[in-house]
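K.L.:
following is a predicted model, sequence given first.
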Protein chains: 2
Amino acid sequence: MKFIDDLKYNEDGLIPAVAQQFDTHEVLMMAWMNKASIEETLETGRVCYWSRSRQAFWRKGESSGQVQMLKEFRVDCDADTLLMLVDQTGPACHTGRRSCFYQVVKDGELITDSEPLIDPEELYKK
Amino acid sequence: MKFIDDLKYNEDGLIPAVAQQFDTHEVLMMAWMNKASIEETLETGRVCYWSRSRQAFWRKGESSGQVQMLKEFRVDCDADTLLMLVDQTGPACHTGRRSCFYQVVKDGELITDSEPLIDPEELYKK
């Protein structure tokens, strides 16, 4: 798919990707993709990021079972950011919460305003 | 506000910020902020990004009049991405479209699926 070559990647060959639940429109997370992870995501219909910390493919849900199925793949005006409409099974966040954006500023301080759906210990046990 | 110092900025002192319309939940754009633009945004209630191309504050709507008023300021689990719930006047995109994410993959190609609300020539005329 030619457009994949035309996207603007950073100096590490990565592009930021926002994941939004397709029906509720909740923003779940932001992570990074490279060309190969974009190709895999579009081919398989299951979201695969690039893990900057592990320097490896990050097939969402591979260890937790909480997969992200792709519904729609969007590109912004500058071709330097992606928006994926997804169907997220259970929590998107490694803390067990539905969304990674569970901290909100109230009176100048960060407050946690959602609880884990699943204990993270449970999420990553083998 | 102490939490601003604790956010994780990249090597240029920047952090990605996603803007979402607070009532419709449409994802409007992604841009970058630095400490000073975050402080200004939280103090004034009007969103101010950092323009990487101009290396200057980017007070959203300063030239177009299409301002973004802050409703909610969220931080993700890793403290390296921001999600702002905003009230966007008119188009968020410099092309005159409501959202910057107006291109969608269909049959392996990028298709434009929304039209400008305002002619961009009109948007930036003095």
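P.N.:
Ah, there it is. Residues are numbered from 1 along each chain as shown, chains lettered A, B, ... in the order given.
K.L.:
up against chain B, what does chain A have?
P.N.:
For chain A, the residues in contact with chain B under the definition Cβ under 8 Å from any Cβ of the partner chain are A:1-3, A:16, A:18, A:20, A:24-27, A:29-30, A:42, A:72-78, A:81, A:83, A:93-95, A:97, A:100-105, A:108-110. Every residue, glycine included, has its C-beta placed from N, CA and C.
K.L.:
now do the contacts for the residue of chain A found nearest chain B.
P.N.:
With Cβ to the nearest Cβ, the shortest gap between chain A and chain B falls at A:His25, namely 3.6 Å. If you count contacts by Cβ atoms under 8 Å, 6 or more residues apart in numbering or on different chains, A:His25 has them with B:24-26.
K.L.:
what about 10 Å?
P.N.:
The neighbourhood of A:His25, defined by Cβ atoms under 10 Å, 6 or more residues apart in numbering or on different chains, consists of A:85, B:20-21, B:24-27.
K.L.:
same thing with A:His94?
P.N.:
Taking Cβ under 10 Å, 6+ apart as the definition, contacts of A:His94 comprise A:29, A:63-64, A:66, A:100, A:120, A:123-124, B:77-78.
K.L.:
check contacts around A:Leu110.
P.N.:
Applying Cβ under 10 Å, 6+ apart to A:Leu110 gives the contacts A:102-104, B:1-4, B:6-7, B:73-75, B:79.
K.L.:
quick one on the thing from earlier: from the contacts of A:His94, pick the one nearest A:Ala56.
P.N.:
For A:Ala56, the closest of the contacts of A:His94 turns out to be A:Ser63, at 12.0 Å, with distances computed as Cβ to Cβ.
K.L.:
who's in contact with the closest one?
P.N.:
Residues A:94, A:123-126 are the ones in contact with A:Ser63 under the rule Cβ under 10 Å, 6+ apart.
K.L.:
now A:Leu85
P.N.:
A:Leu85 makes contacts with A:18-23, A:25, A:70-74, B:27, B:101, B:104, as judged by Cβ under 10 Å, 6+ apart.
K.L.:
for PyMOL, write a command that selects the buried ones of these.
P.N.:
Once 16 or more other Cβ atoms under 10 Å in any protein chain shown is used to decide burial, the buried members of the contacts of A:Leu85 can be selected in PyMOL as follows:
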select buried, (chain A and resi 18+19+20+21+22+70+73+74) or (chain B and resi 27+101+104)
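K.L.:
inside strands: which ones of the contacts of A:Leu85?
P.N.:
Helix and strand membership here follows DSSP state E; of the contacts of A:Leu85, those in strands are A:18-21, A:70-74, B:27, B:104.
K.L.:
low-scoring pLDDT stretches of chain A, where are they?
P.N.:
Segments of chain A classed as low confidence (criterion: pLDDT under 70) are A:126.
K.L.:
list the buried residues of stretch A:109-124.
P.N.:
Buried residues in stretch A:109-124, defined by neighbour count with 16+ other Cβ under 10 Å: A:110, A:118, A:123.
K.L.:
please name the nearest non-neighbouring residue to the last one.
P.N.:
This means A:Leu123. Residue nearest to A:Leu123 in three dimensions, not counting chain neighbours: A:Ser64, with 4.8 Å by Cβ to Cβ, 6 or more residues apart in numbering or on different chains.
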